[in-house]
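A.B. asks: next one to model:
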Amino acid sequence: MTKFLISPSIVAFICALTTFAFPQIVSAKDFYRMATLGPGTTPYMVSTTFATIVNKELKDQEIQVNATGKGTQHAIEAAKGQLDFFITANIVQRLMSSGKAMYSKISTAPEMSKKLRSLFMFPAGTYHFVVYEKSGIKEIKDIKDKKVFVGPKGSAINNVVQAIIKGSTGYEAGKDYEAVETSFDAGGAAFQDQRVDVYVNITNPPSPVISQVSLTNEIRLLDLGDVSSNPELTKLYENRPGRFIATIAADAYGENQMNTSEVQTLGAYMGMATNEDVPEEDVYNMLKIFWTGLDEMKSESPWLSAISLDSVFASANMPLHLGAVKYYQEVGLEIPAELLPAN
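C.D. replies: Down below sits the predicted model:
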């Protein structure tokens, strides 16, 4: 057999020529960034379900989910184009558009809020105040001098939880109880490891985090009392779109939930949002495949039963994305005039 020796320079030339003549096929898939709240929350589960359905059914788009940070910061990042999808709430948009509270030091916040667009609202669930039965904590006033997970520092949920505690007990963080302000993921882990006495979260029951604890431990959900007759609690939901009085069943978490009657608490709506620069057709296709595929997943995930087209506009105060307008008009929903975008 005859052997031919080819110089390295010729090999390099042939490789370059081949690459030039036959360019690699580049994928046209569009990647989108989504930020959500921590594991154990309904917003987290809605976000991951949305991404799972989209990634499975749409070959040209892929959503990458990140469950870190705070929803109030996510809104700023989305307005700057650093995020494509995020979780919001009526109060977040109100504060950002008016430059108040956590947005008071961001002079451009009101202008940036104009770039945000709503996709849909959903029941984020009810505020769960959960303790181990063996802790001896039977009612909300028993949390004095205890460690209470209240959500990430500076988050809207953190502010609401502390307001609920103050309204129902008069207690203040740092004075009457220790507020544990970590991520939702870390807070859930701390409760499972019994490093905090009270775990607070907003979720549609049954919450996976709480359900896991109740499999091997007796738990109790703390009742807030007669919410409607407590003026301090009433002002937390009256004239506050997106908040409402709610109850949790005495057996929502099975036989290890030691409540003997339904639990009085507060609930809230949240929403998924984007910015105006995400292509209309992509948003339309994502919403269409999400709402079409959601029913199939409800049999496997009971908490999804609360998510439906009936509440997509509930407490919304942000204009809809054009892709959302197209889809909801297509399925025959009557869109409130104030939610139609100007452009």
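A.B. asks: what's the burial count for residue 339?
C.D. replies: 18 (other CB atoms under 10 Å). Any C-beta I mention is one placed from the backbone N, CA and C, and that applies to glycine too.
A.B. asks: can you pull the contacts of it?
C.D. replies: Contact partners of residue 339, counting by CB atoms under 8 Å, 6 or more residues apart in numbering, are 118, 313, 316, 318-320.
A.B. asks: please repeat the previous calculation with a cut-off of 6 Å.
C.D. replies: Residue 339 is in contact with 316, 320, counting by CB atoms under 6 Å, 6 or more residues apart in numbering.
A.B. asks: show me the helices in this structure, by range?
C.D. replies: Taking DSSP state H to define them, one finds helices in the chain at 8-21, 42-57, 71-79, 90-98, 109-113, 156-169, 184-192, 208-214, 231-234, 280-298, 322-330.
A.B. asks: off-centre distance for the shortest one?
C.D. replies: This points to helix 231-234. Relative to its chain's centre, helix 231-234 lies at 26 Å (CA atoms, centre = their mean, to the nearest Å).
A.B. asks: quick check: residue 146 vs residue 187, distance?
C.D. replies: Noted for residue 146: a distance of 14 Å to residue 187, by CB to CB, to the nearest Å.
A.B. asks: so which of the two has more stuff around it?
C.D. replies: Neighbour tally, residue 146 and residue 187, criterion other CB under 10 Å: the higher count belongs to residue 187, 26 against 17.
A.B. asks: quick check: nearest residue in space to residue 291, chain neighbours excluded?
C.D. replies: residue 309 (6.4 Å; CB to CB, 6 or more residues apart in numbering).
A.B. asks: follow-up on the earlier one: export the helices of the chain to JSON lines and tack on mean pLDDT and distance to residue 64?
C.D. replies: Listed next are those as JSON lines, based on pLDDT from 0 to 100; distance: least, CB to CB, whole Å:
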{"stretch": "helix 8-21", "mean pLDDT": "44", "distance to residue 64": "30"}
{"stretch": "helix 42-57", "mean pLDDT": "94", "distance to residue 64": "8"}
{"stretch": "helix 71-79", "mean pLDDT": "95", "distance to residue 64": "14"}
{"stretch": "helix 90-98", "mean pLDDT": "95", "distance to residue 64": "22"}
{"stretch": "helix 109-113", "mean pLDDT": "98", "distance to residue 64": "23"}
{"stretch": "helix 156-169", "mean pLDDT": "94", "distance to residue 64": "23"}
{"stretch": "helix 184-192", "mean pLDDT": "93", "distance to residue 64": "17"}
{"stretch": "helix 208-214", "mean pLDDT": "94", "distance to residue 64": "22"}
{"stretch": "helix 231-234", "mean pLDDT": "96", "distance to residue 64": "39"}
{"stretch": "helix 280-298", "mean pLDDT": "93", "distance to residue 64": "14"}
{"stretch": "helix 322-330", "mean pLDDT": "98", "distance to residue 64": "19"}
